[in-house]
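S.K.: Sequence isn't available, so here's the structure alone:
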């Protein structure tokens, strides 16, 4: 199959447009992020429980049942907490923020409460009722946030170092900016969807960092190779040539990767969905950015340094 | 066949063989029927256990729990001459520590400095200067976490879970992982129960009445607020017409010769007991008031069922504690009113038996309360001196509860309470669902990638598909060899590897195509295509490798599983793309002169 062979697209002609689009998207993302990200219990603490009823149940029923949860004769009103379906209409996921006077084992208390108050729709064995229970104390949450933040930063620094050694600092600068661009925009789109950031989405973000760089490096490698023969004269055309030469590879690899991610998104189940979605967005943005951010920045840097 | 090709073939066959060999136990295990699995001998089970790919808790179901030793409580337990100042300091310490991510003793020292708290005043047994005291206290905390781990290990071993893991995290946390646990509530109770057994003498009626009068005299004036919340219940119970006469005794009723309190009034009861002047009175009379373990259900005047807890007025110092226990067993009671109920029989060591004989001898006709975790399980009257160090704990709800209490009594009491800092429980059904969905996704993903790549590269695409399949087999083999744990994110990593490992092949093929377009022969196009592609492949993959390594450092459990798969996926896919597919190309072109490459 002939595909994107011998293309001669003048990518750099649209450089300014690309910068504009990226800046707009990045700015929009930053604004969205400043308005608040939906942090999961992993990072802000709280309790998340998943329960499986034996038949379909409405969110309202669950909400009503959570209006009064009594523990040691103190009543808690949990009807304002986040309640949503989890995969099917009989499975429900409930997220509860850390409460000030939270009793011990609150998650189990809530499960017990739901099991007894909605008993006609609950399975006979209570162990079949519990899908999952997660609870994170605010202290652990803040520790995990710190770790997640530093892991992304240290990955970026290590990669910057690696590219500086393998290529040169100017290449590294473009690559890292492309990475930051990818992570910020993916985060922005992510926050639009209402998915929440959990440990596994951080894993997805780090994978995007690695993946998007993979793409960038293939192109940078070509640029470096073509520079040997053409030097820095006509730098834009060297870049264009390099992008065109690696274009079919970029597209085919992105397509196979997107293919498996789509499969994961459709068939992989509810637990892994935020991860799959992050990867999907990240791969698309990453492919775009290796052309329009990393290479275009390189062109701009070289032009200015001449 | 020339030498280079033969050597490469041998290397590749060796690696493939190793991969299959490593995967073999996992494959065999997967083929076994459920029935056979349950009938495995210990030896076989151990073999499979060591050689198969392990499933993480998120796939198998189970609980992952991080317990935190309650250091503020430990400090409180160690302090002497506590006063109001110290209580305030402790409250603030708790808040400060829980909202910071710093080390406990750093926070402790800072707060002691800012509050100007004279540490030697409270911790004179641990040193004369602040530095000495803090050093000693932190030694104490290390010691108690060691004991906590030991005791948890004992408890879990006796609970009978397959492959429990218990490990220390940082300096005040313990991670416990229990796979395949069905009843997470029971497991959690077992871990968290302090299991402090105390035998305490019940005070007589005269001193109880005196205490209540004393408490009444201070509570009738100070409980306006408490009263308002509970007015209705109190009126129902005591028909108190004048709410101004509310006091401690108005919360109480008499049930079968004991004082009892309605569950509705527990909140106000706790409020009263936490008041400073009430605490002072209790301290001065060496008293403590504890409630019974389980409530009695009575029908009140208006025909409603109401729960009442019995109150016990006890000497504050325990005559004996759980330290003297030699053995504890669940039994079904044979005789008396409790026949058929589950009880726990406790046996004491020699020293404990001697003490027990002395105590029972000295307190004939007094009542002795058997207190577990500050809840009174029973308070029988001592009829005669007891020799031999045996006693029985009654008043348990179920056989399971009795079994668990026997376990925790045998394993020993925790030196300091533990709280749950983090918990992740996955039900077995959700885990199994994740496995089947993950496997399905992997199958579909692999199929689509193969179709796609064969459409694009024809015969060469077939070679690439072959290499992707081997990537997957070898990667699973590596996981089995490393005894790595496969988690749900790990499965996602496997699927990603299927999509991403094609990349190395694609880079090579595109290069070869380019060389062919430039007019090179098939043979030399393959050679120079591979040569030029290699640096790109290594550079591109290493960066993903860096990200995977960072992730491995940062992550816990499921995330580590993902990082492992990602990292080895890169290594293995480079091997299959650079060595294996190259070999296939060379092998095919070495046998006959191919004019046109199907690529």
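M.R.: Everything's here; your move. Remember, predicted model here, so these are calculated numbers, not experimental data.

S.K.: And the strands in the stretch 151-300 of chain A?
M.R.: Counting by DSSP state E, counting those that start in this stretch, the stretch 151-300 of chain A has no strands at all.

S.K.: could you pull out the helices for it?
M.R.: In the stretch 151-300 of chain A, the segments counted as helices under DSSP state H, counting those that start in this stretch are A:169-193, A:199-230, A:235-267, A:273-289, A:296-305.

S.K.: got these as a markdown table, with mean neighbour count and mean pLDDT columns?
M.R.: Placement of C-beta: from N, CA and C, glycine included. Shown next, in a markdown table, are those (neighbours: other C-beta atoms under 10 Å in any protein chain shown; pLDDT from 0 to 100):
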| stretch | mean neighbour count | mean pLDDT |
| --- | --- | --- |
| helix A:169-193 | 21 | 86 |
| helix A:199-230 | 24 | 84 |
| helix A:235-267 | 21 | 89 |
| helix A:273-289 | 23 | 90 |
| helix A:296-305 | 17 | 78 |
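
S.K.: Which one, of the ones you listed, ends up nearest to residue B:21?
M.R.: Ranking these by proximity to residue B:21 (C-beta to C-beta) places helix A:235-267 first, at 27.9 Å.

S.K.: how about that closest one, does it get close to chain B?
M.R.: Yes - counting by C-beta under 8 Å from any C-beta of the partner chain, contacts between helix A:235-267 and chain B involve A:245-246, A:248-249, A:252-253, A:255-261, A:263-264, A:267.

S.K.: Next, report how far that helix is displaced from the centre of its chain.
M.R.: Put simply, helix A:235-267 sits 19 Å off its chain's centre (C-alpha atoms, centre = their mean, to the nearest Å).

S.K.: Pretty sure residue B:312 sits in a strand.
M.R.: Yes - judged by DSSP: H, G, I helix; E, B strand; the rest coil, residue B:312 forms part of a strand.

S.K.: Looking at the residues of helix A:235-267 next to chain B, which is nearest residue B:352?
M.R.: Nearest to residue B:352 among the residues of helix A:235-267 next to chain B: residue A:264, at 60.2 Å, using C-beta to C-beta.

S.K.: Could you say which helix or strand holds the closest residue to residue B:415 other than its chain neighbours?
M.R.: Excluding its sequence neighbours, the residue lying closest to residue B:415 (C-beta to C-beta, 6 or more residues apart in numbering or on different chains) is residue B:144, at 4.5 Å. Secondary structure assigned from DSSP states H and E places residue B:144 in helix B:130-159.

S.K.: residues making contact with stretch B:259-266?
M.R.: A:72-73, B:208, B:230, B:233-234, B:237, B:251-254, B:269, B:291, B:295-296, B:306-311, B:313 (C-beta atoms under 8 Å, 6 or more residues apart in numbering or on different chains).

S.K.: Go again with 6 Å.
M.R.: With C-beta atoms under 6 Å, 6 or more residues apart in numbering or on different chains as the test, stretch B:259-266 has contacts from A:73, B:233, B:251, B:252, B:253, B:269, B:306, B:307, B:308, B:309, B:310, B:311.

S.K.: Between the two ends of that stretch, how far is it?
M.R.: Across stretch B:259-266, the terminal residues are separated by 13 Å (C-alpha to C-alpha, to the nearest Å).

S.K.: any idea of the mean pLDDT for that stretch?
M.R.: Stretch B:259-266 carries an average pLDDT of 85.

S.K.: From the chain's centroid, how far away is that stretch?
M.R.: With C-alpha atoms, centre = their mean, you get 34 Å for stretch B:259-266.

S.K.: What of stretch A:160-171?
M.R.: The answer for stretch A:160-171 is 26 Å, by C-alpha atoms, centre = their mean.

S.K.: Going by distance to residue B:596, which of the residues of helix A:235-267 next to chain B wins?
M.R.: Taking those together and measuring to residue B:596 by C-beta to C-beta, the closest member is residue A:248, at 19.4 Å.

S.K.: At the geometric centre of chain B, which residue sits there?
M.R.: residue B:65 (1.7 Å; C-alpha atoms, centre = their mean).

S.K.: Show me what the helix holding residue B:144 is packed against.
M.R.: For helix B:130-159, the elements it packs on are helix B:104-115, helix B:399-411, judged by 3 or more C-beta pairs under 6 Å, 6 or more residues apart in numbering or on different chains; DSSP states H and E.

S.K.: contacting residues around the helix or strand following the first one?
M.R.: Beyond helix B:104-115 on the C-terminal side, the first helix or strand identified by DSSP H and E is helix B:119-122. By C-beta under 6 Å, 6+ apart, the list of residues contacting helix B:119-122 from outside reads B:79, B:81, B:86, B:112, B:128, B:130, B:133.

S.K.: if you average pLDDT over helix B:119-122, what comes out?
M.R.: Here helix B:119-122 scores 88 as its mean pLDDT.

S.K.: for that helix, which positions count as buried?
M.R.: Buried residues in helix B:119-122, counting neighbours by 16 or more other C-beta atoms under 10 Å in any protein chain shown, are found at B:119, B:122.

S.K.: Repeat that for stretch B:28-46.
M.R.: For stretch B:28-46, a neighbour-count test (16+ other C-beta under 10 Å) marks residue B:29 as buried.
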